[in-house]
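[1] Provided below for reference: sequence and predicted model.
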Amino acid sequence: MLLKNIQEWTLLLLIFGVIAAFGNWIGYSVVPLSAVPGMVVLILICLAGLILQHVLPVNIPSVAYIGIIGILVSMPVMPGSEYVVKWTQDINILALATPILAYAGIAIGRSWTDFVKLGWRSIVVAMFVMVGTFLGSALIAELVLRMQGLI
């Protein structure tokens, strides 16, 4: 069962990686061939997090494992971290987010009846969450940039 999941995750991550590499090329002029090592590193980190989430008995979401692994492999004290940072520095985060958000949109669109069952209140709450997240992020960015004297 786990082997079948790993195969499916690998295929899905490879598809996302290819789409993100082309998005990185179109949007940020990074040649896909130069982004391949970074994409492979990111795919392996995601795959390791997904596997850990299913193997370990602790009920922690895979995104937490992925984040922890990503932080650990990029820390300066870890052997090989300079390569991880070098390989992934050309990959823009928005190029990664685009296929993921498209997939989320398709998933919501497929289960539109379930979304409608939540009612209008969930739409209002979702709008407040999005606006609050945007304003909070903008405020933090403003403060940090002012503290650094960049604006």
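    Cool, the structure landed.
[2] domain map for this structure?
    Listed by automatic domain parsing, the domain ranges of the chain are 2-103, 118-151.
[3] ranking the ones you listed by mean pLDDT, which is last?
    Here the domains of the chain differ in mean pLDDT, and the lowest is domain 118-151 at a mean of 86.
[4] now it, how far from the centre of its chain.
    19 Å (Cα atoms, centre = their mean, to the nearest Å).
[5] what helix or strand is the closest residue to residue 17 other than its chain neighbours located in?
    In this structure, residue 17 finds its nearest non-sequential neighbour in residue 39, 4.3 Å apart by Cβ to Cβ, 6 or more residues apart in numbering. No exception for glycine: its C-beta is placed from N, CA and C like everyone else's. According to DSSP states H and E, residue 39 maps onto helix 32-55.
[6] mind listing residues that contact that helix?
    Helix 32-55 has contacts (Cβ atoms under 8 Å, 6 or more residues apart in numbering) with 2, 5-6, 9-10, 13-14, 17, 20-22, 24-25, 60-70, 73, 84, 87-91, 96.
[7] what separates stretch 72-86 from the chain centre, distance-wise?
    19 Å.
[8] give me the contact list for it.
    Here stretch 72-86 makes contact (Cβ under 8 Å, 6+ apart) with 41, 45, 88.
[9] give the buried subset of the contacts of helix 32-55 as a PyMOL selection command.
    The PyMOL command for the buried members of the contacts of helix 32-55 (criterion: 16 or more other Cβ atoms under 10 Å) is given here:
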select buried, resi 9+13+17+20+21+24+25+62+65+66+69+70+73+84+87+88+90+91+96
